[in-house]
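**Student:** dropping a prediction and its sequence here:
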Amino acid sequence: MTDPVDTKAWKALTAHHAAVSSTTLRDLFSADDTRFDTFQLKAAGLFLDYSKNHITSETVDLLLQLAEESNVKRHFERMFTGDIVNPTEGRPSLHTALRNRGPEPVMVEGRDVMPDVKAVLERLRVFSERVREGSWTGFTGKAITDVVNIGIGGSDLGPLMAVEALAPFAHERLTLHFVSNVDGSHLHSTLKKINPETTLFIVASKTFSTQETLTNAHSARRWFLDSAAGEEDVTKHFVALSTNADAVSAFGIDTQNMFGFWDWVGGRYSLWSAIGLPVILSIGMDRFEQFLQGAYDMDNHARTAPLSENMPVMLALLTVWYNNFWQAHSHLIAPYDQYLHRFPAYLQQLTMESNGKSVHVDGSPVQSATGPVVWGEPGTNGQHAYFQLLHQGTHMIPADFIMAIESLNPMGIHQDLLMANCFAQSEALMMGKNKEELATEMRAAGASDEEIERLSGHRTFAGNRPSNTLLVQQVTPHALGALIALYEHKVFVEAAIWDINPFDQWGVELGKQLAKSIHAQIDKAQTVTSHDASTNGLINRALKFKNVLA
Ligand SMILES: O=P(O)(O)OC[C@H]1O[C@](O)(CO)[C@@H](O)[C@@H]1O
């Protein structure tokens, strides 16, 4: 594979950037009043305005040429058809099969996986209906009222985000809780709120070997057994979501209470699999199928739309444009919908665990920046926290504004205010306020010329800061499915352009290894000398704080 920096398009984009970088977004808009119509896309119920970006038609053509030269379409086909797109683990990556609502088979090693996918969905339907209607009862015969999902990373962030995002559709009797952190306070504060007689624990772990999850699950089990009549009651209160049946049995969960998935489902792409059980319990299987349908509609768009009309491709190209040509390595996600408050955190794992890589697929070092830092909070809260830096700081931080037009809880003027704020922010970031505009405004308020001069540096806004705005009618299960799949494919296209593997995560292993050995040393409670001076010093100081070291 050619390194992206050696492609013709990359070289042309470098020259193009030098030629256009001093043209402002204001200039672009005053020169062309059709920008909004030109730079917009529709897909699977979502509307994207990408006109507030540092692009001209020439920029878009060059970016599309980069996508062509990077064989983006071929990469999509390889993923959708079960090729080994994760070579360091020797696996396909087939989250798209989990939401395949069409008749087409999806082959892995010569076998159609769709019957297995459908069989698990059917089991999830039967189980979730029993819990939801109250016929699945706890050890004292009472219906389940609380569900605690114990998992971390992809086994937590996805279901947590989706349960929150779809809260208006939640089952009335069931309260969902999520425990991820190995900090005992997380489990403790959850256990305080629940009754063992009416609680269902879901132990969610693809590998069933993750230290945090197993530690939390063992503690939850001990807490449960303190109240239960005996081990046999565990069956009514613990289920597992995993690919590892042996480890599930070894933990003490009957594999009849296990909902499986497969090693071709990446952790951060697993929300569509049995890992979605908390979402199914909350919103019901019919709505979960609408969620799958939303993602499937976006899959079809990604797979079939021409590059120039392809929403995930365009979003990915814009990220490459800023990240690699404008040296803007941070990306804000600003959902203007309170229920999407965990969406930025979810996207952090999706994008940063996928594209936080420094080597190409063949192991050679990359020559350009890869995945940006992704972060965000729901609007309007972010405006009163870090938007100052976006407007007047020294960094250019491209932003994605996500606006749900209709509230699921209409209340007076709230939704219109929310929308006004969303549109105002992207306008302010782009247009800024120059000295002349400020002077007119201050003069009208009675300010003297001297005062205007003194404050103009502080009160003017350079503007020229780019953003995308995504509109969605309402955050329904279908819309959420489409939105998540949009970002999954965006991340995939970026990886295809950078020629990196978005489906492995070796970078999390070293810390896990070291934590194991340090835990053993903390347990031994003897002076430690085997690490660097700082780490030794911290461990020994901590042992002193614990009063276990002389
Ligand atoms: O589902 P598991 O196997 O417990 O893994 C949890 C998470 O840990 C990671 O492997 C990172 O450590 C993620 O990729 C994954 O989502």
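**Tutor:** Yep, that arrived.

**Student:** mind checking the SS state of residue 135?
**Tutor:** Secondary structure assignment for residue 135 (DSSP: H, G, I helix; E, B strand; the rest coil): coil.

**Student:** just the closest residue of the stretch 301-450 of the chain to the ligand, please.
**Tutor:** Closest contact between the stretch 301-450 of the chain and the ligand, by C-beta to the nearest ligand atom, is at residue 353 (5.8 Å). (Each C-beta comes from the backbone N, C-alpha and C, glycine too.)

**Student:** please name the residues that touch that residue.
**Tutor:** Going by C-beta atoms under 8 Å, 6 or more residues apart in numbering, residue 353 touches 153, 268, 505, 507, 508.

**Student:** and residue 369, by the same measure?
**Tutor:** So residue 369 contacts 323, 324, 327, 329 (C-beta under 8 Å, 6+ apart).

**Student:** excluding its backbone neighbours, what's nearest the last one?
**Tutor:** The reference is to residue 329. Among residues not flanking residue 329 along the chain, residue 372 sits closest, at 4.9 Å (C-beta to C-beta, 6 or more residues apart in numbering).

**Student:** interface residues of the protein facing the ligand?
**Tutor:** Residues of the chain found near the ligand (C-beta under 6 Å from any ligand atom) are 152-155, 205-207, 210, 213, 267-268, 353, 505, 508.

**Student:** by neighbours, which of the residues you listed wins?
**Tutor:** residue 155 (30 neighbours; other C-beta atoms under 10 Å).

**Student:** which residue packs closest to that one, ignoring adjacent ones?
**Tutor:** Among residues not flanking residue 155 along the chain, residue 204 sits closest, at 4.0 Å (C-beta to C-beta, 6+ apart).

**Student:** can you pull the pLDDT of that neighbour?
**Tutor:** According to the prediction, residue 204 has pLDDT 98.

**Student:** so what's it bridging to?
**Tutor:** Counting by DSSP bridges, residue 204 is bridged to residue 241.

**Student:** tell me, how many neighbours does it end up with?
**Tutor:** 32.

**Student:** can you pull the contacts of whatever residue of the stretch 251-400 of the chain ends up closest to the ligand?
**Tutor:** Residue nearest to the ligand within the stretch 251-400 of the chain (C-beta to the nearest ligand atom): residue 267, separated by 2.6 Å. Contacts here follow C-beta under 8 Å, 6+ apart; on that basis residue 267 touches 153, 154, 155, 206, 505.

**Student:** out of the contacts of residue 353, who's nearest residue 140?
**Tutor:** residue 153 (34.1 Å; C-beta to C-beta).

**Student:** rewinding a little: ok, the residue nearest to residue 329 to residue 249 distance?
**Tutor:** Relative to residue 249, residue 372 is positioned 42 Å away (C-beta to C-beta, to the nearest Å).

**Student:** check residue 293 too.
**Tutor:** Taken as C-beta to C-beta, the span from residue 293 to residue 249 is 34 Å.

**Student:** one more: residue 211?
**Tutor:** 19 Å.

**Student:** ok so, going back, dump the contacts of residue 267 to JSON lines, plus secondary structure and distance to residue 23.
**Tutor:** What follows is the contacts of residue 267, written out as JSON lines (DSSP: H, G, I helix; E, B strand; the rest coil; distance: C-beta to C-beta, whole Å):
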{"residue": "153", "secondary structure": "helix", "distance to residue 23": "42"}
{"residue": "154", "secondary structure": "helix", "distance to residue 23": "41"}
{"residue": "155", "secondary structure": "helix", "distance to residue 23": "46"}
{"residue": "206", "secondary structure": "coil", "distance to residue 23": "48"}
{"residue": "505", "secondary structure": "coil", "distance to residue 23": "39"}
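
**Student:** which stretches in the protein count as strands?
**Tutor:** Using DSSP state E, the strands of the chain run over 40-43, 46-49, 107-108, 111-112, 146-150, 175-179, 199-204, 238-242, 258-260, 330-336, 373-375, 399-404, 467-472.

**Student:** and of these, who's closest to residue 26?
**Tutor:** strand 467-472 (14.2 Å).

**Student:** for the closest one, which helices and strands make contact with it?
**Tutor:** strand 46-49, strand 399-404, helix 414-431, helix 477-498 (3 or more C-beta pairs under 8 Å, 6 or more residues apart in numbering; DSSP states H and E).

**Student:** could you check the angle that strand makes with strand 330-336?
**Tutor:** Calculated by axes from the mean of the first three to the mean of the last three C-alpha atoms, to 10 degrees, strand 467-472 forms an angle of 30 degrees with strand 330-336.

**Student:** pLDDT of strand 467-472, averaged?
**Tutor:** The model assigns strand 467-472 a mean pLDDT of 98.

**Student:** how about it as PDB, C-alpha atoms only?
**Tutor:** Output in PDB follows, covering the C-alpha atoms of strand 467-472 (Å, rounded to 0.1, in the frame of the first residue of the first chain):
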ATOM      1  CA  SER A 467     -18.100  23.000  12.100                       C
ATOM      2  CA  ASN A 468     -20.500  20.400  10.800                       C
ATOM      3  CA  THR A 469     -24.200  20.400  11.900                       C
ATOM      4  CA  LEU A 470     -26.100  17.200  11.900                       C
ATOM      5  CA  LEU A 471     -29.900  17.400  12.200                       C
ATOM      6  CA  VAL A 472     -32.200  14.600  13.200                       C
END
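
**Student:** what residues of that strand count as buried?
**Tutor:** By neighbour count on 16 or more other C-beta atoms under 10 Å, the buried set for strand 467-472 is 467, 468, 469, 470, 471, 472.

**Student:** which residues are in contact with that strand?
**Tutor:** For strand 467-472, the surrounding residues in contact (C-beta under 8 Å, 6+ apart) are 45-50, 52-53, 315, 318, 398-405, 422-423, 425-426, 429-430, 479, 483.

**Student:** run a quick neighbour tally on residue 275.
**Tutor:** For residue 275, using other C-beta under 10 Å, the count is 28.

**Student:** got the contact list for it?
**Tutor:** 151, 154, 155, 158, 159, 204, 206, 241, 261.

**Student:** was I right to think residue 180 contacts residue 217?
**Tutor:** No. Residue 180 lies out of contact with residue 217 (C-beta atoms under 8 Å); the separation is 11.6 Å.

**Student:** got a list of what the residue of the stretch 451-550 of the chain found nearest the ligand touches?
**Tutor:** Closest contact between the stretch 451-550 of the chain and the ligand, by C-beta to the nearest ligand atom, is at residue 508 (3.9 Å). Contact analysis of residue 508 by C-beta under 8 Å, 6+ apart lists residue 353.

**Student:** how far away is it from residue 514?
**Tutor:** 12 Å.

**Student:** also residue 102?
**Tutor:** For residue 102, the distance to residue 514 equals 46 Å [C-beta to C-beta].

**Student:** quick one, what contacts residue 519?
**Tutor:** Residue 519 neighbours (C-beta under 8 Å, 6+ apart): none.

**Student:** my bad, residue 87
**Tutor:** Residue 87 makes contact with 361, 501, according to C-beta under 8 Å, 6+ apart.

**Student:** quick one, phi/psi of it?
**Tutor:** phi -70, psi -30 (degrees, to the nearest 10).

**Student:** perfect, that will be all.
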